[in-house]
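In: fold the following for me, if possible:
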Amino acid sequence: MSEDWKKDCFGAIERGENPMVIAKMKSGYAVIGDTQFLPGYCVLLAYPKVNTLNDLTIEQRSDYLVDMSLIGDAIQSVCKPRGLNYSM
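Out: Next up, the predicted model:
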């Protein structure tokens, strides 16, 4: 599989060419981390793209953090991990 999508992951998402996308969320895209330093590592990419949480409005932050917790709920339900870490 070509990895050209990594050069523009958001463009690849919009074109349906990013193979790491799990789901479209209200605040962005849940994706499998393309660098797996921990098995199952997932990332919530805010869309539109921002550099930090503080670049989002209060409403956007709320949506983002709720989406993150929903992804955590899904991982807990399916994978039954001993723990779950969130990172920003």
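
In: any idea how far stretch 60-73 is from the chain center?
Out: Relative to the centre of its chain, stretch 60-73 is centred 10 Å away, using C-alpha atoms, centre = their mean, to the nearest Å.

In: this protein: strands as residue ranges?
Out: 21-24, 28-32, 42-46 (DSSP state E).

In: can you redo the ones you listed as JSON lines with mean pLDDT and mean neighbour count?
Out: Every residue, glycine included, has its C-beta placed from N, CA and C. Output for the strands of the chain, formatted as JSON lines (pLDDT from 0 to 100; neighbours: other C-beta atoms under 10 Å):
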{"stretch": "strand 21-24", "mean pLDDT": "94", "mean neighbour count": "14"}
{"stretch": "strand 28-32", "mean pLDDT": "93", "mean neighbour count": "19"}
{"stretch": "strand 42-46", "mean pLDDT": "91", "mean neighbour count": "19"}
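
In: for this protein, give me the ranges with low pLDDT.
Out: Along the chain, segments meeting pLDDT under 70 span 1-2, 36, 39.

In: top helix in it by residue count?
Out: Assignment by DSSP state H gives helix 58-79 as the longest helix of the chain.

In: packing partners for that helix?
Out: Counting by 3 or more C-beta pairs under 8 Å, 6 or more residues apart in numbering; DSSP states H and E, the packing neighbours recorded for helix 58-79 are strand 28-32, strand 42-46.

In: just the angle between the last one and strand 28-32, please?
Out: Between the axes of strand 42-46 and strand 28-32, defined by axes from the mean of the first three to the mean of the last three C-alpha atoms, to 10 degrees, the angle is 160 degrees.

In: need the contact partners of strand 42-46.
Out: Contact with strand 42-46 is made by 9-10, 13, 22, 25, 27-33, 56, 60, 64, 67-68, 71, 75, as judged by C-beta atoms under 8 Å, 6 or more residues apart in numbering.

In: alpha carbons of stretch 66-79, in CSV - could you do that?
Out: Coordinates of each C-alpha in stretch 66-79 appear next as CSV, following Å, rounded to 0.1, in the frame of the first residue of the first chain:
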residue,chain,number,x,y,z
VAL,A,66,-16.9,14.5,24.5
ASP,A,67,-15.9,12.8,21.3
MET,A,68,-12.6,11.7,22.9
SER,A,69,-14.5,10.2,25.8
LEU,A,70,-16.9,8.4,23.4
ILE,A,71,-13.9,6.8,21.7
GLY,A,72,-12.7,5.8,25.1
ASP,A,73,-16.1,4.2,25.9
ALA,A,74,-15.9,2.2,22.6
ILE,A,75,-12.3,1.0,23.4
GLN,A,76,-13.4,0.0,26.9
SER,A,77,-16.4,-1.8,25.6
VAL,A,78,-14.7,-3.7,22.9
CYS,A,79,-11.1,-4.3,24.2
